[in-house]
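Novice: here is a sequence with its predicted model. Questions after.
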Amino acid sequence: MAVQLIIDSASDLTLEEAKALGVKLIPIPINFGEQEYLSGVTITQEEFYNKLASCKELPTTSQPAPYEFEKAFQEVKDAGDEAVVLCISSALSGTYQSAKAIAQDYADCIWVVDTLSVTIGQRLLLDYALQLREKGYNAKRLAEEIENAKTRLTVYGIVNTLDYLVKGGRLSKAAGAAGTLLGIRPVLTVRDGVLQVIGKARGVKAAHSALNKLLTETPMDAAMPAMIAHTGTDEADLTAFLETADLKWSMVKRGIVGSTVGTHTGPHLVCLGYFKP
């Protein structure tokens, strides 16, 4: 009996990556006006950011169609396998609730986990799950270990533009204008399953210092997966941060943050994810 892993595309895993890893990908719809795309499947990260730069209204995302989970779960059952499902935070989407409801009919073979995270946080839990699968964990034990690991998951980031926070209504126009004038860079984390502003720095150098301070205060478990990522199609912001950071961050996996978070932060976010000891 094999253990399958299922994850939604809020993790910013692409269909090609999922196939290479032997993971089932549940696509999340993203809408630019009346045009619907499937994140990571029918629209690439580059295409998304090109559209984001030119659109008048921010795109919207919705949860996957229930059929996608039903189909995936039935395939697991028909194969005589088990599966662990890693869902975007329940505080950000109804995806977990939907998957959990459908899984009631597959209680003997499907375990659904609310990652309480998104993008690279979800991806790191998947990386850890892949390691556990290689070690021979069954689905129940693997899901329990992921539940424990997610309490040690840490995600921090800095944003170099306020434009998209204003467009999305997360920051007033007045506050956005004042912040832009003063060169304010928000410092972010994922806490209680949502993206939160935990600090503000004035200027890029101060933002880098603030992020490095957080990384020093919250050490990394070097035995666990880690990742650094950016939004947009240009690595310039990420490269600039790495020039100020501990050398170990140049050695970890790199990625691109996609539509679920990129819609709200725009193309100038740098974020890091890792596990505390």
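Specialist: Yes, it's here.
Novice: can you pull the contacts of the residue positioned nearest the centre of the chain?
Specialist: Nearest to the geometric centre of the chain sits Thr119, at 0.7 Å (CA atoms, centre = their mean). Thr119 makes contacts with Ala10, Ser11, Asp12, Val155, Ala229, Val257, Gly258, Thr260, Val261, Cys271, as judged by CB atoms under 8 Å, 6 or more residues apart in numbering. Every C-beta, even on glycine, is put in place using the N, C-alpha and C of the backbone.
Novice: now, which of those lie within strands?
Specialist: Val155, Ala229, Cys271 (DSSP state E).
Novice: buried among those? Need that as a selection in PyMOL.
Specialist: Buried subset of the ones in strands among the contacts of Thr119, written as a PyMOL selection, criterion 16 or more other CB atoms under 10 Å:
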select buried, resi 155+229+271
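Novice: can you list the residue ranges for strands in this protein?
Specialist: Assigned by DSSP E, the strands in the chain fall at 3-8, 23-26, 29-32, 35-38, 60-61, 82-87, 110-114, 153-159, 184-191, 194-202, 227-230, 253-256, 269-275.
Novice: go through these and pick out the most buried.
Specialist: strand 82-87 (a mean of 27; mean count of other CB atoms under 10 Å).
Novice: mind listing the helices for the chain?
Specialist: 15-21, 45-54, 66-78, 95-103, 120-134, 139-149, 163-167, 173-182, 204-217, 236-242, 259-265 (DSSP state H).
Novice: hey, least reliable of those helices by pLDDT?
Specialist: When these are compared on average pLDDT, helix 173-182 comes out lowest at a mean of 48.
Novice: doesn't Ala99 make contact with Val112?
Specialist: Yes: here Val112 reaches Ala99: they are 4.9 Å apart, a contact under CB atoms under 8 Å.
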